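> quick one, what's the 3D model for this:
(chains A and B)
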There are 2 protein chains.
Amino acid sequence: MDDTIDMRVCVLGLGSMGLGMAASLLRRGFTVTGFDPNPDTLKRFAEIGGAGAHSPSEAAQGADVLLCVVVNAAQTEAALFGPDGAVPAMAAGGVVVSSATMAPDAARALAARCGEHGLAYLDAPISGGAVRAAAGELTIMASGAPEVFRRLQPVLAAIAAKVYQLGSDAGTGAAFKVVNQLLAGVHIAAACEAITFAKAMNLDIAKVYEVITASAGNSWMFENRVPHILDGDYAPRSAIDIFTKDLGIVSDIGRGLKFPTPIAATALQMFVMTAAAGMGRDDDASVARMLAGLAGLDLPGMKR
Amino acid sequence: MDDTIDMRVCVLGLGSMGLGMAASLLRRGFTVTGFDPNPDTLKRFAEIGGAGAHSPSEAAQGADVLLCVVVNAAQTEAALFGPDGAVPAMAAGGVVVSSATMAPDAARALAARCGEHGLAYLDAPISGGAVRAAAGELTIMASGAPEVFRRLQPVLAAIAAKVYQLGSDAGTGAAFKVVNQLLAGVHIAAACEAITFAKAMNLDIAKVYEVITASAGNSWMFENRVPHILDGDYAPRSAIDIFTKDLGIVSDIGRGLKFPTPIAATALQMFVMTAAAGMGRDDDASVARMLAGLAGLDLPGMKR
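Now for the predicted structure:
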């Protein structure tokens, strides 16, 4: 067998993305340890063959590669460097692969701190959703030293269908992901605005979906999210709070650079309004429910 | 030969869309008359075999089918009912096919007036751009009496790859097109915001295009318009002023219905800002030039 599977891999954060990545690695024969604060999640990890631990530090003991698949920069910092943090426990010369969406500056700071501990760092945001994570078919927008990409090749091959190698500096991968999230967030909010606007005009919204997905008004997000609205199904595939966070990062970066992002700022406010109405943990298509609730429109699955 | 080509068709408005539709009809053997106030345009129409006229009235003399492919509701009304307007000249029992993007109420009013003159009306906005117009491969979002669709079948087959039959009432086709334009306008403005934001973060924007078009942040408009920005080519395929108009219609309808459209409203303001900066007749991707100009970013083809 290929000796690369001797690499010990640790996954921190076993939500839908992290668990899918862990499953993809286990299928390829890697030994995978992991930690998540949620006991149910840890149990599912054990069921697919993972070795769960009681802390990031315990999970990372002797790990050659650490995949950090938590929600944001603060959680990443806590998992790596907090009490019971993973970094001091890792094997000498190991690699930290960080996948949370964060500002480029945050990625650069984490890379520098890993370097101080003698660890390499791959700035490696992911895209594709839970289904593709489980299938080992994520898209990874990564930056880091070419040598690190080479060492990680078998790991990346196990979890991703496509790895973009975007440069050698930490922060570049993060910046590409932030651009993607700007567009994704705006397109979700616009899809919700358009489909409720169509409902306000008394159109058959299933027909609107059919026509728009074949027209120049289409987007990846319109095509993917509007079916949730047509089905009235707001079980979270990806939650409103993800975009209050990610469009918040866009907004912070824009202010820092003195670069205006008026559309992203408006979309952010629509996610904030939806969270304010109590739907922060619901599916991000809930922006449509928020607008329909305001305007008294009868969409499927309305709470009020 | 098929006797349907005995139908006399008149095209009013011979811009890139109307001329393409006329060319498609001529290729199928229809006799096509037409009018456009621009003499150069009329000359091109004559070169492809059309019979140009000096007024809508002259062009529509005895026409069975009239395609009105002008810019907005006001131009449509003038072409049909103004001085030298087409409607009184048409053959008894003819059909007016109206393709300008307009509010549903405006389409209903035009249909009613055509009815008073004994003419049928097809509310038939088009989508697809100049290239597909020339190829006879437009998408038509149409509403009108089923009998009118049947009678027009050979005409619609000549100009369109796809005809959506969206109901029997005028106004429904218009409303579908307005929803498409809401999304199209927002997606163009978002594409321009995202690509200039990427430039502000010092990213390689050609690489951003490659990554985003393969990711969840993609839209039809991002994929179609960002190449104009990468090439610095702002020759108008579709102009900024089209979207100050179409998002203006969205905004007017929203206020009338008391339905909020915050994202469309913000996108509208970005097109208005771009028009204010003197680029109203340039390609609609000029929103990127407007933002880059504000922020002193060096995009290809910048005027300043």
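> least trustworthy helix or strand in chain A by mean pLDDT?
helix A:129-134 (a mean of 91; mean pLDDT, DSSP states H and E).
> ok, and what's touching that one?
Helix A:129-134 has contacts (CB atoms under 8 Å, 6 or more residues apart in numbering or on different chains) with A:16-17, A:19-21, A:23-24, A:126, A:138-139, A:159, A:161, A:237-238, B:216. All C-beta spots, glycine's among them, are computed from the backbone N, C-alpha and C.
> what's the following helix or strand after the longest helix along chain A?
Assignment by DSSP state H gives helix A:172-200 as the longest helix of chain A. For helix A:172-200, the following helix or strand on the C-terminal side (DSSP states H and E) is helix A:205-213.
> buried stuff in that following helix?
By 16 or more other CB atoms under 10 Å in any protein chain shown, the buried positions in helix A:205-213 come out as A:205, A:208-209, A:211-212.
> let's have those in TSV, adding distance to A:Pro56.
TSV is the format used below for the buried residues of helix A:205-213 (distance: CB to CB, whole Å):
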residue	distance to A:Pro56
A:Ile205	45
A:Val208	47
A:Tyr209	43
A:Val211	49
A:Ile212	45
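> buried ones in stretch A:88-105?
A:89-91, A:94-105.
> do stretch A:216-234 as well
A:216-226, A:228-230, A:234.
> cool, and stretch A:256-267?
Residues of stretch A:256-267 classed as buried under the neighbour-count rule (16+ other CB under 10 Å) are A:259-267.
> filtering those residues by proximity to chain B, which remain?
When CB under 8 Å from any CB of the partner chain is taken as the criterion, the members of the buried residues of stretch A:256-267 that contact chain B are A:259-267.
> so which of the buried residues of stretch A:216-234 are in helices?
A:220-226, A:228-230.
> from those, which is closest to chain B?
Nearest to chain B, judged by CB to the nearest CB, of those is A:Trp220 at 4.7 Å.
> wait, the closest one sits on B:Ala216?
Yes: when contacts are counted by CB atoms under 8 Å, A:Trp220 is listed as touching B:Ala216 (5.1 Å).
> ok so, going back, just the buried residues of stretch A:216-234 that are near chain B?
A:216-222, A:224.
> can you flag which of the buried residues of stretch A:88-105 belong to helices?
Of the buried residues of stretch A:88-105, the ones assigned to helices by DSSP H are A:104-105.
> check the buried residues of stretch A:88-105 and tell me the two furthest apart.
Largest separation among the buried residues of stretch A:88-105 by CB to CB: A:Ala91 and A:Ala103, giving 28.9 Å.
> closest to chain B out of the buried residues of stretch A:88-105?
A:Pro104 (6.7 Å).
> domains in chain A, by residue range?
With domains defined by automatic domain parsing, chain A comprises A:3-169, A:175-295.
> of those domains, which stretch is the most buried?
Stretch with highest mean neighbour count among the domains of chain A: domain A:175-295 (a mean of 22; mean count of other CB atoms under 10 Å in any protein chain shown).
> tabulate the ones next to chain B among the buried residues of stretch A:256-267 (TSV), appending secondary structure, distance to A:Gly115 and pLDDT.
Formatted as TSV, these follow (DSSP: H, G, I helix; E, B strand; the rest coil; distance: CB to CB, whole Å; pLDDT from 0 to 100):
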residue	secondary structure	distance to A:Gly115	pLDDT
A:Phe259	coil	29	98
A:Pro260	coil	34	98
A:Thr261	coil	31	98
A:Pro262	helix	37	98
A:Ile263	helix	37	98
A:Ala264	helix	32	98
A:Ala265	helix	35	98
A:Thr266	helix	39	98
A:Ala267	helix	36	98
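> A:Thr196: which of the buried residues of stretch A:88-105 is nearest?
Comparing the buried residues of stretch A:88-105 against A:Thr196 with CB to CB places A:Thr101 closest, at 26.9 Å.
> mind listing what that closest one touches?
If you count contacts by CB under 8 Å, 6+ apart, A:Thr101 has them with A:72, A:125, A:174, A:177-178, A:181, A:245-246, A:249.
> try 6 Å this time
By CB atoms under 6 Å, 6 or more residues apart in numbering or on different chains, the residues touching A:Thr101 are A:125, A:177, A:181, A:246.
> between the residues you listed, which sits nearest chain B?
Among the contacts of A:Thr101, A:Gln181 lies closest to chain B (CB to the nearest CB), at 7.2 Å.
> correct me, but that closest one touches A:Lys245?
No: between A:Gln181 and A:Lys245 there is no contact under CB atoms under 6 Å: 9.1 Å.
> next SSE after the strand or helix carrying A:Cys114?
Using DSSP H and E, A:Cys114 maps to helix A:104-116. Per DSSP H and E, helix A:104-116 leads on to strand A:120-123 as the next helix or strand towards the C-terminus.
> beta partners of the residue lying closest to A:Phe149 once chain neighbours are set aside?
Leaving aside its sequence neighbours, A:Phe149 sits nearest to A:Gln165 (CB to CB, 6 or more residues apart in numbering or on different chains; 5.7 Å). As for beta bridges, A:Gln165 partners with A:Ala142 under DSSP bridges.
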